[in-house]
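Q: Build me a model:
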Amino acid sequence: MQVNRRVAPVLAVLLLIIVVLAGIFVSYLIDKYSPSKERMAWTEYYSVSEADEVAVILNDELTEIKGRMFDGEVYVTTDTLYDYLNSRFYWDQAENLLLYTTPTEVVTAAVGSNTYTQGNQSYTESYVPVKVDGDTAYVALSYIQKYTALQYEVMTDEVNRVVITTEFGTIETVTAKRTGQVRYRAGIKSPILTEVKKGDILYVLEEEEDIGDWTKVRTADGFIGYIRNRSLGSRGEETIESNYEEPEYTSISKDYTINMAWHQVTNSDANSNVLEMIANTKGLTTISPTWFFLNDNEGNIESLASQTYVNYCHQNGIEVWALVEDITYKDSIVDYEILSRTSSRQRLVSNLIARAIEYDLDGLNIDFEYINADSAKAFLQFLRELSIRCRQNGIVLSVDNYRPADHNTFYDLEEQAVVVDYVILMGYDEHYAGSETAGSVASINWVREGIELALEQVPAEKLINAVPFYTRLWEERPLTEEEEAELPATDTSVHVKVSSRAYGMDAIDEVLADNGAEKTWDETSGQYYAEYTADGNTYKVWLEEEESIALKASLIKEYNLAGISAWKLGFERQDIWDVILRYVN
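A: Numbering: from 1, shown residues only. Coordinates of the predicted model:
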């Protein structure tokens, strides 16, 4: 009995430990399998801290974009407007104007005014379309919606937020069959965002990962999260349609394949040789003389236009699309300064249209080669505004472009193709004057790839491919001792100085004949190649002549393009025109 008395306390302690451990285990199980009651603060979820800040849910995604609430209206920045909602708006920061360009009119809203103009008409709203706070401009969603396929709904309980839709169609829905919690993540321990009631309609969203017994949804009031499937009932569909009708941009389209060439005119006297230039061609439909030059930052131009020139071309059934360029005065003008300000940009448009009407021009050919990322939006706005005046006056608008590449995407060929009549692809300068290595000006595969890249953005019936009537004779000169000394010690490349000079077809043949150079066909480039040495230097050339031009011209038919153009008249042999005619008739 004494032994039992000694054991009893031990058993009691063991029993107590077991009870405590069981309690801990039960508590652990309850904690593990019981849903969390923690709620995420809406200010944390929407990442808003200011009273007038507005969270933006765009196309079923909670974004980092923030709007502002002014006098009960939701506003977004011009950057948000351009990048996410409608890139056809243009914000002129210098003159505090917001513009939107339709196919026929320019819509203008000035900062701080509730009145805006559309063409010659003025309209007044109960709100101010455009506001500025410091360096940031804000645009009312109500105003944006007038010119954009966009729907939105604003919620102001606890946190200001707006649900914006710009992508329309049929979406999957699900009805809540009981009260349930929408959580931040798929799991019962994730914080609760909001609750839904029986009968609430939720929008089903795709989830890349396997989330088991959960569904990703968006609630009608702007929460995106996860709800357990046991709270969900029947599935359905809802079709969201835009009530905005996109404007139709009409274009002038020729009912023949365009056979065009540029005529370089450097002074008024040079216009007189147009007779000779045309006489040497065959089947030419269009000529583009280099007549108009941007010569200051105010939108004024220098002109070499000639009525006699135009009359002679028209008498020979040839249209005149005068070229406008930013190259001649590149050291004293800045494209951004001219194009970004509405006053100078519209002055340029008016000057060009006035000249086109004065000289009875058939078209304008825009050749701006110094556009950069900063001036790109303004350049596109210039094309939109110019296209209106061209449409009104029956003037063809064409634009010259580099071969598409990662470094020049800002030219936005897709948008150009909407507003202009023809996009001209400059299918040359694969190797240009400043190239560090010798090579072809336009090898056939490089040209083909350029056309295919352009066709990803431009309809074939609007794309004209331009070919070179010139080639480059490359000189490779050994470096001098002084030049060698300046090279890094680790440089193991071939030490030559590369330079080049452009030649027309007959001129380069004379050079090769004088130096006894033999031409051999290069299948890779689709050109004849020649090489010779003189005075210790090596000379290389990839020729443009009948066979190489035939290969390039054949791409017009292969890809059903609008036509062909060539730089420049006077560099070709007369036989070239018979070659081109085989593919453009």
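Q: And the strands in the stretch 351-500 of the chain, which stretches?
A: 363-367, 396-401, 422-426, 463-468, 470-478, 496-504 (DSSP state E, counting those that start in this stretch).
Q: likewise the stretch 151-300 of the chain?
A: Using DSSP E, counting those that start in this stretch, strands in the stretch 151-300 of the chain cover 151-155, 161-165, 169-176, 180-183, 192-196, 201-204, 214-218, 224-228, 232-240, 258-263, 286-294.
Q: how about a markdown table for these, with distance to Met505 added?
A: C-beta here means a position set from N, CA and C on the backbone, and glycine is covered the same way. Shown next, in a markdown table, are the strands of the stretch 151-300 of the chain (distance: least, C-beta to C-beta, whole Å):
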| stretch | distance to Met505 |
| --- | --- |
| strand 151-155 | 59 |
| strand 161-165 | 58 |
| strand 169-176 | 55 |
| strand 180-183 | 72 |
| strand 192-196 | 72 |
| strand 201-204 | 65 |
| strand 214-218 | 65 |
| strand 224-228 | 64 |
| strand 232-240 | 60 |
| strand 258-263 | 14 |
| strand 286-294 | 19 |
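Q: quick one: which of those is nearest Leu85?
A: strand 161-165 (7.6 Å; C-beta to C-beta).
Q: now that closest one: mean pLDDT?
A: Computed over strand 161-165, the mean pLDDT rounds to 98.
Q: quick one: strands adjacent to it?
A: strand 53-58 (parallel), strand 151-155 (antiparallel) (DSSP bridges).
Q: and that strand, how far from the chain's centre?
A: In terms of C-alpha atoms, centre = their mean, to the nearest Å, the centre of strand 161-165 is set 25 Å apart from its chain centre.
Q: before we move on, what about stretch 179-190?
A: Distance, stretch centre to chain centre, for stretch 179-190: 41 Å (C-alpha atoms, centre = their mean).
Q: Excluding chain neighbours, give the residue nearest to the most centrally placed residue in the chain in space.
A: Centroid check for the chain by C-alpha atoms, centre = their mean gives Asp412 as the closest residue, at 3.3 Å. Of all residues not flanking Asp412 in the chain, Leu380 sits nearest, at 6.0 Å (C-beta to C-beta, 6 or more residues apart in numbering).
Q: what's near enough to touch that neighbour?
A: Going by C-beta atoms under 8 Å, 6 or more residues apart in numbering, Leu380 touches 412, 415-416, 419.
Q: Would you convert those into TSV that also reports pLDDT and distance to Ala322?
A: Converted to TSV, the contacts of Leu380 look like this (pLDDT from 0 to 100; distance: C-beta to C-beta, whole Å):
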residue	pLDDT	distance to Ala322
Asp412	98	24
Glu415	98	23
Gln416	98	19
Val419	98	19
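Q: Now the buried members of these.
A: Applying 16 or more other C-beta atoms under 10 Å to the contacts of Leu380, the neighbour count classes 412, 416, 419 as buried.
Q: picking up where we left off before, and the residue nearest to Asp412, what's its pLDDT?
A: Listed pLDDT for Leu380 reads 98.
Q: and of the buried ones among the contacts of Leu380, the nearest to Tyr532?
A: Ranked by distance to Tyr532 (C-beta to C-beta), the buried ones among the contacts of Leu380 are led by Gln416 at 42.7 Å.
Q: Surely the closest one touches Ile424?
A: No: shown here, Gln416 and Ile424 do not form a contact pair, counting by C-beta atoms under 8 Å, at 10.2 Å.
Q: Report the set of residues contacting both of these two.
A: Here Gln416 and Ile424 have 399, 401 as joint contacts, going by C-beta under 8 Å, 6+ apart.
Q: what ranges do the helices span in the stretch 451-585 of the chain?
A: Applying DSSP state H, counting those that start in this stretch to the stretch 451-585 of the chain gives helices spanning 481-485, 505-514, 546-558, 575-584.
Q: Make CSV out of those and add distance to Ser49 and mean pLDDT.
A: Below are these laid out as CSV (distance: least, C-beta to C-beta, whole Å; pLDDT from 0 to 100):
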stretch, distance to Ser49, mean pLDDT
helix 481-485, 60, 82
helix 505-514, 68, 98
helix 546-558, 57, 98
helix 575-584, 64, 97
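Q: For the residue nearest to Glu545 when sequence neighbours are not counted, give its distance to Tyr184.
A: Nearest non-adjacent residue to Glu545, counting by C-beta to C-beta, 6+ apart: Met505, 5.7 Å away. According to C-beta to C-beta, to the nearest Å, Met505 stands 70 Å off from Tyr184.
Q: next one: Gly394
A: 60 Å.
Q: Please apply the same query to His431.
A: 56 Å.
Q: Can you tell me the number of residues neighbouring the residue nearest to Glu545?
A: Residues lying near Met505 (other C-beta atoms under 10 Å) number 20.
Q: these two touch, right, it and Lys568?
A: No: using C-beta under 8 Å, Met505 makes no contact with Lys568, being 11.8 Å away.
Q: shared neighbours of these two, which are they?
A: Common contacts of Met505 and Lys568 (C-beta under 8 Å, 6+ apart): 469-470.
Q: quick revisit: want to throw the strands of the stretch 351-500 of the chain into a markdown table with distance to Asn537 and mean neighbour count?
A: As requested, the strands of the stretch 351-500 of the chain are exported to a markdown table (distance: least, C-beta to C-beta, whole Å; neighbours: other C-beta atoms under 10 Å):
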| stretch | distance to Asn537 | mean neighbour count |
| --- | --- | --- |
| strand 363-367 | 34 | 24 |
| strand 396-401 | 34 | 24 |
| strand 422-426 | 30 | 24 |
| strand 463-468 | 24 | 24 |
| strand 470-478 | 5 | 20 |
| strand 496-504 | 9 | 17 |
